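Provide a 3D model corresponding to the input given below.
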Amino acid sequence: MPDPIPEEALAFAAQLADASGAIIRQSLDAGRHYTAKSDSSPVTEIDRRVEATLRGMIERAFPDHGILGEEYGSAGLDRDFVWVLDPIDGTKAFITGIPTFGTLIALAYRGTPILGVIDHPVTGERWLGADGHGTMLNGTPVRTRAASLDSAILTTGGIDAFSDSEFDGFSRLRRATNWCVYGGGCLAYGRLASGAIDLGVECGHDPFDFCALVPIVTNAGGMISDWEGNPLTIHSGHRYLVSGTPSIHARALELLTCPDSLAA
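Numbering: from 1, shown residues only. I've put the predicted structure just below:
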């Protein structure tokens, strides 16, 4: 794994975010027109335009890199370096004009995310985390905070994707924490990296939803894994837990997966 990641990779990731942000800011009203994908989730022409633009930039700058994107699929996933793109994370929020949406950009090395960007084109906030470089919010270093479980602030994008058993696990965790913020999208995970939120739990997601979070959270001092405690890669499944510290992460995993854990 390259350590530290070359500065030119960070600069290029910022260029990708600049390009996506410019398109989105110019298209806020147009984003209200959408169609349904095969899984019934909404997609706009802006989602597709952003991803096509970013893919073109990557193909020109790094023709030997692979790409995994939400709208146009994958190419070269067996290559050492793979870019992972979610052009508009929070399309429903984008369509309805609720400014929690953003662009997620990640670079993975042999499947493991090593660089991530959360870019919020409306608020002007950009988190960039990279192995060997820490995590920055608009160029200023940020860190997660330590919290006890009973004082922790929890977040989730929504509970619609939870199965009955997954919701039971979430409910155990929710009861053990202080309170919960719902629907914050990727903005909430930037806030977690900055020390304003302590835990996040999600289901029904894909690698382009979480790969960017991995370097951002871990390089700010936090921890992220699937519900079994395994590191997240470009091949991981749909459930993940994000925590400000490893100690709170371990206890939260117990609550999510063990029905008897509240008594422990």
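
where exactly do the helices run in the stretch 151-264 of the chain?
Remark: helices assigned in the stretch 151-264 of the chain by DSSP state H, counting those that start in this stretch are 164-176, 185-193, 207-210, 213-218, 246-257.

Now the element after the biggest helix by length in the chain, going C-ward?
Identified as the longest helix of the chain according to DSSP state H is helix 7-25. Later in the chain than helix 7-25, the nearest helix or strand by DSSP states H and E is strand 34-36.

care to break this protein down by domain?
What automatic domain parsing lists as the domains of the chain is 7-141, 149-259.

Report the inter-axis angle for the helix or strand harbouring residue 104 versus helix 185-193.
Using DSSP H and E, the element containing residue 104 is strand 102-109. Here strand 102-109 points in a direction 70 degrees away from that of helix 185-193 (axes from the mean of the first three to the mean of the last three C-alpha atoms, to 10 degrees).

In the following helix or strand past strand 102-109, which residues are buried?
Per DSSP H and E, the first helix or strand lying C-terminal to strand 102-109 is strand 112-120. By neighbour count on 16 or more other C-beta atoms under 10 Å, the buried set for strand 112-120 is 112, 113, 114, 115, 116, 117, 118, 119, 120. The C-beta positions use only the backbone N, C-alpha and C, and glycine is treated the same way.

and what of stretch 176-188?
Buried, per 16+ other C-beta under 10 Å, within stretch 176-188: 176, 177, 180, 184, 185, 186, 187, 188.

Excluding covalently adjacent residues, which one is nearest to the last one?
Excluding the flanking residues, the one nearest residue 188 by C-beta to C-beta, 6 or more residues apart in numbering is residue 155, at 4.3 Å.

contacting residues around the one you found?
The contact partners of residue 155, taken as C-beta atoms under 8 Å, 6 or more residues apart in numbering, are 180, 181, 182, 184, 188, 189, 191, 192, 197, 199, 200, 201.

if we can go back for a sec, got TSV for the helices of the stretch 151-264 of the chain, with mean pLDDT and distance to residue 80 too?
Output for the helices of the stretch 151-264 of the chain, formatted as TSV (pLDDT from 0 to 100; distance: least, C-beta to C-beta, whole Å):
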stretch	mean pLDDT	distance to residue 80
helix 164-176	96	34
helix 185-193	97	26
helix 207-210	97	17
helix 213-218	98	16
helix 246-257	95	28
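
Residue 65: which of the ones you listed is closest?
Between residue 65 and these, the tightest spacing by C-beta to C-beta is seen for helix 207-210, at 15.3 Å.

tally of neighbours for the nearest residue to residue 114 once chain neighbours are set aside?
With C-beta to C-beta, 6+ apart as the criterion, residue 114 has its nearest non-adjacent residue at 4.7 Å, and that residue is residue 131. Residues lying near residue 131 (other C-beta atoms under 10 Å) number 20.

Now residue 142: closest residue in space that isn't a chain neighbour?
Nearest in space to residue 142, with sequence neighbours left out and distances taken as C-beta to C-beta, 6+ apart, is residue 194 at 4.4 Å.

where's the one you found relative to residue 248, distance?
Distance, residue 194 to residue 248, by C-beta to C-beta, to the nearest Å: 16 Å.
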